[in-house]
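[1] Structure for this input, please:
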Amino acid sequence: MATTYVKEHRVEEAVPWFERAQANKPESPVLRGLVASAYERVGRYYDAERTFREAAERDGDAGFMTYVNYLMRRRRFFEAFDRVEQRRGAIDDRSYAALLVSAAQATRDERLGDPEPYALRALELEPGNGLALGLLESLYTSRGDTAKNDGLRSAEMDAALRDPADFSGRSHRLLEEQRLDDALAVAREGLQ
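    Residues are numbered from 1 along each chain as shown. Here you go, the predicted structure:
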């Protein structure tokens, strides 16, 4: 019933059904996430935060990341960054790099300071992280810092690739260098 209401854009009517489903399966991380998202969509922010926080405590890295993302959507950036730092030892490097990239993007977009340190820390963990590389390239270009941009491009070509954004970034870079066969090979590898 709840998902039918959501598909019809009647989220307010879906909430009681999500709540009933969760009451019947209180340990379900999926239902906890659906309830929290529904609360957020209908403006019940206290209930949304309470449920997202519970997910952070009970549902491992995935639950923690949904809570941090909620804080970021609510524009509570410093609180989100602080939570991430508090849990650093419990977060795998890949998840931590993703959170650092989010922090860099939020810092840049909201003009909260310099996003470079967050993006560089993400690259320390994942040297081929396409999102961090793209953010830094844009930042260095806007600053006119060709030396840093050149160093970034040089290091990027030797970095391991993991996510679609990594393969896309490398393929794009190879296209810029007119290495068409290499670009196609990287793009194909990213599709596997």
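[2] what's in contact with the helix or strand encompassing residue 33?
    Using DSSP states H and E, residue 33 sits in helix 29-41. Residues from elsewhere that reach helix 29-41 (C-beta atoms under 8 Å, 6 or more residues apart in numbering): 2, 6, 11, 14-15, 18-19, 21-22, 25, 45, 47-48, 51-52, 54-55, 58-59, 62-63, 66, 70, 73. C-beta: built from backbone N, CA, C; applies to glycine.
[3] what about 7 Å?
    11, 14-15, 18-19, 21-22, 25, 47-48, 51-52, 54-55, 59, 63, 66, 70 (C-beta atoms under 7 Å, 6 or more residues apart in numbering).
[4] With stretch 43-50 instead?
    By C-beta under 7 Å, 6+ apart, the surrounding residues in contact with stretch 43-50 are 36, 39-40, 70.
[5] and the two most separated of these?
    Greatest spatial distance in those: 39 and 70, 10.1 Å, computed using C-beta to C-beta.
[6] Extract the CA atoms of stretch 58-75 and return them as CSV.
    Written as CSV, here are the backbone C-alpha positions of stretch 58-75 (Å, rounded to 0.1, in the frame of the first residue of the first chain):
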residue,chain,number,x,y,z
ARG,A,58,21.9,-0.1,14.1
ASP,A,59,22.5,-0.6,10.4
GLY,A,60,26.2,-0.4,9.9
ASP,A,61,28.0,1.8,7.4
ALA,A,62,25.0,2.0,5.1
GLY,A,63,22.8,3.3,7.9
PHE,A,64,25.5,5.7,9.1
MET,A,65,25.9,7.1,5.6
THR,A,66,22.2,7.7,5.2
TYR,A,67,22.2,9.6,8.4
VAL,A,68,25.1,11.8,7.4
ASN,A,69,23.5,12.4,4.0
TYR,A,70,20.3,13.4,5.8
LEU,A,71,22.3,15.9,7.9
MET,A,72,23.8,17.3,4.7
ARG,A,73,20.4,17.6,3.0
ARG,A,74,19.3,19.6,6.1
ARG,A,75,22.4,21.8,5.6
